[in-house]
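1. no FASTA, just this:
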């Protein structure tokens, strides 16, 4: 039986949040992967890679897995009722409701994190509480049919976990082997705990603009 | 000073071979990342994601790093003189000549692996000797200014190593932290040594078609 995966593909998405799990899903036997947006015009990702949505909200079939990746473009989605309605409608029937990185904030804005354990990029983790979520540490956090992943590259680990849940561990292991996923980072700086204080401070500085904009939106949402 | 990265973007590329290092390069301060092909019409990757080249062979500036990703589409490149000439011309002046996955076979066809240590996807490793390379185990193999990476996801580890070589380890660590690259695969099946015999056999079966086609091309090249 075909499994239908759908990834929200929006302007300003962090492309690796999307392309990591895409490759895992698309390498799975019997998978159909949709890139969903309001229209099918090409969109520009946060780091300028152009992506091509394959279907619209109206044209999208009911998905087995709805996945919202993150990125700077998430900010605009938090107050976009067309996006939030689409996600809510899909989530009502999907087997798994999922996110990578700051995509979980969009699930939160859609009201899907209330009272549920969730994670996100380390630099946005404190925002989860705004949506009534239970902020939870972890690269992949599952609470019932809600699966949220940490920042960017967590999407690959997450993708394999989802494939295992739907198709069994052996299929996930086959995908892992075909993608030669035996990671060996040359440095040890992938989390705030692992990074040096200097590296952490400088990355926070680089990400400060997007964070400030996000804080302003959350303050506005809270006051409604 | 700007660093110019260029990734060959061809029909049938394994998109994660490209999008992994893309995200690392594009997240580096002062980087310019080009997606290079014969023309700028959208191309369809091996798993159907559409990618948009940003420049042509003629329009491409001299690159500091030329990178050839792999994928099923590599087969057509092995006998494509326009592609091989472009790579040779760029390689002559580039600071680093690089590949991910089976992209190294294209470097080989361009004559750039002779007498040099190189790696590729585990399922293509024996092909390296056809090009006079010294097949070398390793997720990232460096021989002078030649850097080749293993299969698909090795491109992320590779990207960080290249950024460190060009911009210093601290910049690479900043990129690693911003991408939260602290991988935690849920299963232990990323190499032929780690996978079960059953998983290995079934993946080889899935990849057999592409391998057969590749063997036929190499036999043809050898007879010229």
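-> Thanks, I have it. These figures come from a predicted structure and were not determined experimentally.

2. where does pLDDT dip in chain A?
-> Applying pLDDT under 70 to chain A picks out residues A:224.

3. okay, the residue positioned nearest the centre of it and residue A:137: tell me how far apart.
-> Using C-alpha atoms, centre = their mean, the residue of chain A that lies closest to the mean C-alpha position is residue A:100, 2.2 Å off. To residue A:137, residue A:100 is 16 Å away according to C-beta to C-beta, to the nearest Å. From N, CA and C alone the C-beta is placed, and that goes for glycine too.

4. need the contact list for the residue of chain A most remote from its centre.
-> The C-alpha centroid of chain A is most remote from residue A:198, which lies 27.7 Å away (C-alpha atoms, centre = their mean). Contacts here follow C-beta atoms under 8 Å, 6 or more residues apart in numbering or on different chains; on that basis residue A:198 touches residue B:170.

5. A helix includes it, no?
-> Yes: counting by DSSP: H, G, I helix; E, B strand; the rest coil, residue A:198 is found in a helix.

6. tell me the SS of residue A:67?
-> Quick answer, by three-state DSSP: residue A:67 is strand.

7. give me the beta-bridge partners of the closest residue to it other than its chain neighbours?
-> Excluding the flanking residues, the one nearest residue A:67 by C-beta to C-beta, 6 or more residues apart in numbering or on different chains is residue A:98, at 4.5 Å. For residue A:98, the beta-bridge partners are residue A:67, residue A:147 (DSSP bridges).

8. where do the strands of chain A begin and end?
-> A:3-8, A:31-37, A:43-44, A:50-51, A:55-56, A:65-68, A:96-99, A:117-118, A:134-135, A:140-143, A:146-149 (DSSP state E).

9. would TSV of the ones you listed with mean neighbour count be doable?
-> What follows is the strands of chain A, written out as TSV (neighbours: other C-beta atoms under 10 Å in any protein chain shown):
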stretch	mean neighbour count
strand A:3-8	24
strand A:31-37	22
strand A:43-44	18
strand A:50-51	20
strand A:55-56	14
strand A:65-68	29
strand A:96-99	26
strand A:117-118	22
strand A:134-135	16
strand A:140-143	20
strand A:146-149	27
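
10. next up, the contacts around the nearest residue to residue A:179 once chain neighbours are set aside.
-> Spatially, and ignoring its direct neighbours in sequence, residue A:179 is nearest to residue B:152 (4.3 Å; C-beta to C-beta, 6+ apart). Contact analysis of residue B:152 by C-beta under 8 Å, 6+ apart lists A:23, A:178-181, B:14, B:16-17, B:20, B:70, B:100-101, B:121.

11. try 6 Å this time
-> By C-beta atoms under 6 Å, 6 or more residues apart in numbering or on different chains, residue B:152 lies in contact with A:179, A:180, B:14, B:16, B:17, B:101.

12. so the last one touches residue B:72, yeah?
-> No: using C-beta atoms under 6 Å as the test, residue B:101 is too far from residue B:72 to be in contact (10.7 Å).

13. compare these two (neighbour count), which wins?
-> More neighbours surround residue B:101 than the other of residue B:101 and residue B:72, with 33 against 19 (other C-beta atoms under 10 Å in any protein chain shown).

14. so what's the more buried one up against?
-> B:17, B:70, B:121, B:151, B:152.

15. what's the burial count for the fourth one?
-> Here the neighbour count serves as a burial measure; for residue B:151 (other C-beta under 10 Å) it reads 29.

16. nearest spatial neighbour of it, skipping sequence neighbours?
-> In this structure, residue B:151 finds its nearest non-sequential neighbour in residue A:180, 2.8 Å apart by C-beta to C-beta, 6+ apart.

17. same check on the first one?
-> Among residues not flanking residue B:17 along the chain, residue B:69 sits closest, at 3.4 Å (C-beta to C-beta, 6+ apart).

18. next, that neighbour: phi, psi?
-> phi -80, psi 170 (degrees, to the nearest 10).

19. count of neighbours near it?
-> Residue B:69: 31 surrounding residues under other C-beta under 10 Å.

20. how close does it sit to residue A:79?
-> Taking C-beta to C-beta, one finds residue B:69 at 37 Å from residue A:79.

21. do the same with residue A:136
-> Separation of residue A:136 from residue A:79 (C-beta to C-beta): 25 Å.

22. those two - which one has more neighbours?
-> Higher neighbour count among residue A:136 and residue A:79: residue A:136, with 16 against 13, using other C-beta under 10 Å.

23. ok, now which ones touch the closest residue in space to the more buried one that isn't next to it in sequence?
-> Leaving aside its sequence neighbours, residue A:136 sits nearest to residue A:117 (C-beta to C-beta, 6+ apart; 4.2 Å). By C-beta under 6 Å, 6+ apart, residue A:117 lies in contact with A:134, A:136, A:141, A:143.

24. pull the most distant pair out of those.
-> A:134 and A:141 (9.3 Å; C-beta to C-beta).

25. shouldn't residue A:77 be in contact with residue A:84?
-> No: at 7.6 Å, residue A:77 does not count as touching residue A:84 under the criterion of C-beta under 6 Å.

26. I appreciate the help and will end here.
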